[in-house]
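> the following comprises the amino acid sequence and a computationally predicted model.
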Amino acid sequence: MSTHIGAKPGEIAERVLLPGDPLRAKWIAETFLDDAKCYSTVRGMFGYTGTYRGVRVSVQGTGMGMPSASIYTHELINEYGVQTLIRVGSCGALSTDLNLRDVIAANGSSTDSAMNRVRFDGLVDYAPVADFGLLRTAVDVAAARGVEMTVGPVLAADAFYTDRPDLYDRLADYGVLAVEMESAAIYTIAARYKARALTILTVSDHIRTGEKTSAEEREQTFSQMVEVALDTIVA
Ligand SMILES: O=P(O)(O)O[C@H]1O[C@H](CO)[C@@H](O)[C@H]1O
Ligand SMILES: O=c1cc[nH]c(=O)[nH]1
């Protein structure tokens, strides 16, 4: 096992879905995978491996925020040989063109986290981006499934609750679709270790209108996003 994942070598597939919520990981495994087996309960951050359309796929909770997601992404790639990672998360819409439960694919991820400033000695504003091949496949898969998926940039924020809603307005002016809390770190770490990563999100909250989904809905109802992610990861 690695420091934070209780799997033995070979128990995690090369292709992994990454929900923030560990109970969403359990729901995905039980609902969409065949022969799913739990390989880790360390810290309650569940991980499962099963098959989807005959291909081995794992699903690993990452927790909330970039420090937590960075740990799981790093260990999955470096200790378990994971090569393809698709985050399946919830997000708050900044764009007035989006509605609750819409699906988004994040082609790029701005961040207010200092993690990459530290990584590049404050000299470069690194631009974390999705793997183009995965993104292209996800777009094709969504179209084939009749899922309207908006592609665009998101903000990966350190804080869920903000004192600066004016910054969200400005980011929306620059085309940023939504805010979540992990994609920039996942994209950066995947790039560093030559893995492929994509983030697909469902709008759980609307920052403009104040509408929101329940905790249970965030855990167990974002099926369209999961189906697009699974079809993409096995393609
Ligand atoms: O639903 P998940 O995947 O956890 O994603 C979003 O939800 C959490 C905040 O509620 C943050 O982790 C954010 O990125
Ligand atoms: O508003 C939201 C909703 C989900 N995740 C976030 O980070 N923010």
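It's in. Ligands and ions are numbered 1, 2, ... in the order given.

> buried set for stretch 111-118?
For stretch 111-118, a neighbour-count test (16 or more other Cβ atoms under 10 Å) marks Thr111, Asp112, Ser113, Met115, Asn116 as buried. All C-beta spots, glycine's among them, are computed from the backbone N, C-alpha and C.

> err, stretch 2-20, not the other one
2, 4-5, 7, 11-20.

> distance between it and the chain's centre?
Centroid separation for stretch 2-20 versus its chain: 15 Å, with Cα atoms, centre = their mean, to the nearest Å.

> on that earlier part again, and ligand 1, which of the buried residues of stretch 2-20 reach it?
Pro19, Gly20 (Cβ under 6 Å from any ligand atom).

> which of the helices or strands spans Met38?
Let me fix one detail, which is that residue 38 is Cys and not Met. strand 34-40 (DSSP states H and E).

> partner strands of that strand, parallel or antiparallel?
strand 47-52 (antiparallel) (DSSP bridges).

> report the buried residues of the partner strand.
Buried-residue list, strand 47-52, by 16+ other Cβ under 10 Å: Gly47, Tyr48, Thr49, Gly50, Tyr52.

> off-centre distance for it?
Counting by Cα atoms, centre = their mean, strand 47-52 comes out at 17 Å from the chain centroid.

> among the buried residues of stretch 2-20, name the ones in helices.
Using DSSP state H, no member of the buried residues of stretch 2-20 falls within helices.

> make a markdown table from the buried residues of stretch 2-20 and add pLDDT and distance to Tyr39 to it.
As requested, the buried residues of stretch 2-20 are exported to a markdown table (pLDDT from 0 to 100; distance: Cβ to Cβ, whole Å):
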| residue | pLDDT | distance to Tyr39 |
| --- | --- | --- |
| Ser2 | 96 | 11 |
| His4 | 98 | 13 |
| Ile5 | 98 | 8 |
| Ala7 | 98 | 4 |
| Glu11 | 98 | 4 |
| Ile12 | 98 | 6 |
| Ala13 | 98 | 10 |
| Glu14 | 98 | 14 |
| Arg15 | 98 | 14 |
| Val16 | 98 | 11 |
| Leu17 | 98 | 14 |
| Leu18 | 98 | 15 |
| Pro19 | 98 | 15 |
| Gly20 | 98 | 18 |
